[in-house]
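> please work out how this folds:
(one chain, ligands or ions: 2)
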Amino acid sequence: MPDNRRSRAVTQGFQRAPNRALLRAVGFGDGDFDKPIVGVANTHSTITPCNMGIGALAVRAEAALREAGAMPQVFGVITISDGIAMGTEGMKYSLVSREVIADSIETVCNGQSMDGLLALGGCDKNMPGAMIAIARVNIPAVFVYGGTIKPGQYQDRDLTIVSVFEAVGQYSAQTLDEQELCEIERRACPGVGSCGGMYTANTMAAIFETMGMSLPYSSTMAAEDAEKADSAAESAEVLVQAITRHILPRDILTRRAFENAIAVLMALGGSTNAVLHLPAIAHAAGVPLTLDDFEAIGRRVPVLCDLKPSGHYVATDLHRAGGIPQVMKLLLAHGLLHGDALTVTGRTIAEALKDVPEEPRADQDVIRPWSKPLYPRGHLAVLKGNLAEEGAVAKTSGVKIPKITGPARVFDSEEACTEAILARRIRPGDVVVIRYEGPKGGPGMREMLSPTAALVGQGLGDSVGLITDGRFSGGTYGMVVGHVAPEAAVGGAIALVQEGDSITLDAERRLLQLNISDEELARRRAAWRPPAPRYARGVLAKYAKQVSSASTGAVTD
Ligand SMILES: CC(C)(O)[C@@H](O)C(=O)O
Ligand SMILES: [Mg+2]
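Ligands and ions are numbered 1, 2, ... in the order given. Okay, here's the model as predicted:
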């Protein structure tokens, strides 16, 4: 047993007899005090299908840890459901929950002198929350994803939760009747697992697999399939080996791993939330990573996968087509992935991908061959200009020409905007501005899925621009720009836009501009006064005081 094992602090020596007495009460026997103590961070919850299956995975992982010679200690971690909170005041707690999860896991792992960590997660913030903690604590760790939901079926088409959000827009435009809306609602979510397209949960899980913090193929398995539970057990075995070999998360979460993550994010057409979470994880790992890195890698890496929200397929289709290893191999073969990055198994990426063919199979069109990408460049672009001096994130997939100049339609909350869209007050050519929804202002940067999906449902995805200091769901697409920084609440130029001002959103030129003179902008800036914080007490008030700009990952430490 290595002398530097952290759990020695609670298991060794005569002074620790009381500590051992308590450990005996939770199942330790005489021979167990020399074994590594491994935390199992269990986000099981009956709040959301994303986390409903996690308890069973935790049970498998716990048994496998014991079998492999470790002493597992299971602890509960909270989640909220982005999908259920969406469009409500409750959604302000979503990004806050990332910090609560990170802080909770750090607190337990360090408070209990644990030697290793197996973290399980389902809904969106579980993934970055767990990985921030893993990077901070830096004890051998593995991440186990709860798995994706399978698609629903309606009239020969695959449904996901986003189909229901879009159906609300169709209903408001009277292109869908109440009975059809109801039928889509009933069929969209047929079981357990995280939202099925390449939305945020699946994006972040895929990123962790890419970075070598989860096992190959594990991030695209369906929550309900037996292979998911088997991979939870296998993850536990790999973790115990990592403890023995002293493989630490910060050996894995290097700059090269983050560059690999961004490359796969682009190839998948993944969620804008990754542009918030990866800098936050990098911050925890002590790795420099800026918005410019996303921009630089996005210019090199094509979108290779035809996945929802704007594409055709769901995560289980990607799994059948070869999964993340196939996407990674394609990038590796074309010089866009660092093959020497380490994984939790102790193998490098290149070694792990050795047996994967360079080109995807011809009998599928989920993963395109190199010669026929979906888009020649990444779908996420960092826009700058007088409206976003620190930067903003545009998602350009699913739109024909990602640029528009039009009159600003200004809303100081998501609710006010959604109401206007559903009342059909937004017209083609408008540029919708949703502000005071930033990290500090909201607080918590809500995901604007209700308004963006309603626009898509009304057929306005291509003709209406939308900019916000809030963020988006992975299910959002259209002419959308989020994470506008600096945000309105700190006096960013987005606070100075007036109804009817001309705004240019041009993803090709990477430009987000308010078309008024510098003098007029300065005049408005001088007249601007910060609004009173929306919350005076509780976690939202604490968060608003603490949180950094979206351009640096909205971190709180
Ligand atoms: C509800 C969704 C689709 O999961 C969303 O929260 C996301 O970010 O992808
Ligand atoms: Mg989300």
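
> for residue 186, the count of nearby residues, please.
13 (other Cβ atoms under 10 Å). Every residue, glycine included, has its C-beta placed from N, CA and C.

> what helix or strand is it located in?
Assignment of secondary structure by DSSP states H and E places residue 186 within helix 178-187.

> alpha carbons only: can I get the very next helix or strand once past that helix in CSV?
Beyond helix 178-187 in the direction of the C-terminus, DSSP H and E gives the next helix or strand as helix 200-210. What follows is helix 200-210, C-alpha atoms only, in CSV (Å, rounded to 0.1, in the frame of the first residue of the first chain):
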residue,chain,number,x,y,z
THR,A,200,-25.9,19.4,-23.8
ALA,A,201,-25.8,16.2,-21.8
ASN,A,202,-24.8,14.0,-24.7
THR,A,203,-22.3,16.7,-25.9
MET,A,204,-20.6,16.9,-22.5
ALA,A,205,-20.5,13.1,-22.1
ALA,A,206,-19.0,12.7,-25.6
ILE,A,207,-16.4,15.4,-24.6
PHE,A,208,-15.4,13.4,-21.5
GLU,A,209,-15.0,10.2,-23.5
THR,A,210,-12.8,12.2,-25.9
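
> packing partners for the helix holding residue 186?
Counting contacts by 3 or more Cβ pairs under 8 Å, 6 or more residues apart in numbering; DSSP states H and E, helix 178-187 packs against strand 152-154, helix 161-172.

> which stretch among those comes nearest ligand 2?
Ligand 2 lies closest to helix 161-172 among those, at 10.3 Å (Cβ to the ion).

> relative orientation of that closest one and helix 178-187 in degrees?
Interaxial angle of helix 161-172 relative to helix 178-187 (axes from the mean of the first three to the mean of the last three Cα atoms, to 10 degrees): 170 degrees.

> same for helix 161-172, what does it pack against?
helix 178-187, helix 414-422, helix 449-457.

> okay, those helices in CSV with distance to ligand 1 and mean pLDDT next?
CSV is the format used below for the helices and strands packed on helix 161-172 (distance: least, Cβ to the nearest ligand atom, whole Å; pLDDT from 0 to 100):
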stretch, distance to ligand 1, mean pLDDT
helix 178-187, 14, 98
helix 414-422, 14, 97
helix 449-457, 6, 95
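
> out of those, which gets nearest to residue 35?
helix 449-457 (45.3 Å; Cβ to Cβ).

> quick check: what element follows the closest one along the chain?
strand 465-468.

> mean confidence for whatever helix or strand comes next after that next one?
Proceeding N to C from strand 465-468, the next assigned helix or strand is strand 479-485, under DSSP H and E. Strand 479-485 shows a mean pLDDT of 97.

> note down every partner strand of strand 479-485 and its orientation.
strand 388-395 (antiparallel), strand 465-468 (parallel) (DSSP bridges).

> what residues of it count as buried?
Of the residues in strand 479-485, 479, 480, 481, 482, 483, 484, 485 count as buried by neighbour count, 16 or more other Cβ atoms under 10 Å.

> who in the stretch 1-150 of the chain is up against ligand 1?
82, 83, 86, 124 (Cβ under 6 Å from any ligand atom).

> please apply the same query to the stretch 151-300 of the chain.
161, 162, 195, 199, 200, 201, 271, 273.

> number of nearby residues for the second one?
Which is residue 162. 25.

> so it makes contact with residue 195?
Yes. At 7.4 Å, residue 162 counts as touching residue 195 under the criterion of Cβ atoms under 8 Å.

> count residues in the vicinity of the closest residue to ligand 1 within the stretch 351-500 of the chain, would you?
The nearest approach of the stretch 351-500 of the chain to ligand 1 comes at residue 474, 3.0 Å away (Cβ to the nearest ligand atom). Applying other Cβ under 10 Å, we find 30 other residues in the vicinity of residue 474.

> residue 542: which element?
helix 538-546.

> which residues in the stretch 1-150 of the chain form helices?
Ranges of helices in the stretch 1-150 of the chain, per DSSP state H, counting those that start in this stretch, are 8-11, 17-25, 49-52, 54-67, 82-85, 92-111, 126-137.

> so which of the residues of the stretch 1-150 of the chain next to ligand 1 also contact ligand 2?
82, 124 (Cβ under 5 Å from the ion).

> which non-adjacent residue is nearest residue 274?
Counting by Cβ to Cβ, 6 or more residues apart in numbering, residue 274 lies nearest to residue 265, which is 4.9 Å off, once chain neighbours are set aside.

> to clarify, my last question referred to residue 411.
Closest to residue 411 by Cβ to Cβ, 6+ apart is residue 417, at 3.9 Å.

> any idea how far the one you found lies from residue 161?
20 Å (Cβ to Cβ, to the nearest Å).

> and residue 263, by the same measure?
Distance from residue 263 to residue 161, by Cβ to Cβ: 27 Å.

> look at the two and report which has more neighbours.
residue 161 (26 against 23).

> what strand or helix carries residue 410?
strand 403-411.

> can you report how many residues neighbour residue 428?
12.

> so how far is ligand 1 from residue 147?
14 Å (Cβ to the nearest ligand atom, to the nearest Å).

> okay, and the common contacts of residue 162 and residue 195?
Between them, residue 162 and residue 195 share these contacting residues under Cβ atoms under 8 Å, 6 or more residues apart in numbering: residue 475.

> quick one: residues contacting the residue of the stretch 201-350 of the chain found nearest ligand 2.
Here the residue of the stretch 201-350 of the chain nearest ligand 2 is residue 273; by Cβ to the ion that distance is 6.2 Å. Residues counted as contacts of residue 273 (Cβ under 8 Å, 6+ apart) are 124, 200, 203, 204, 447, 471, 472, 473, 474.
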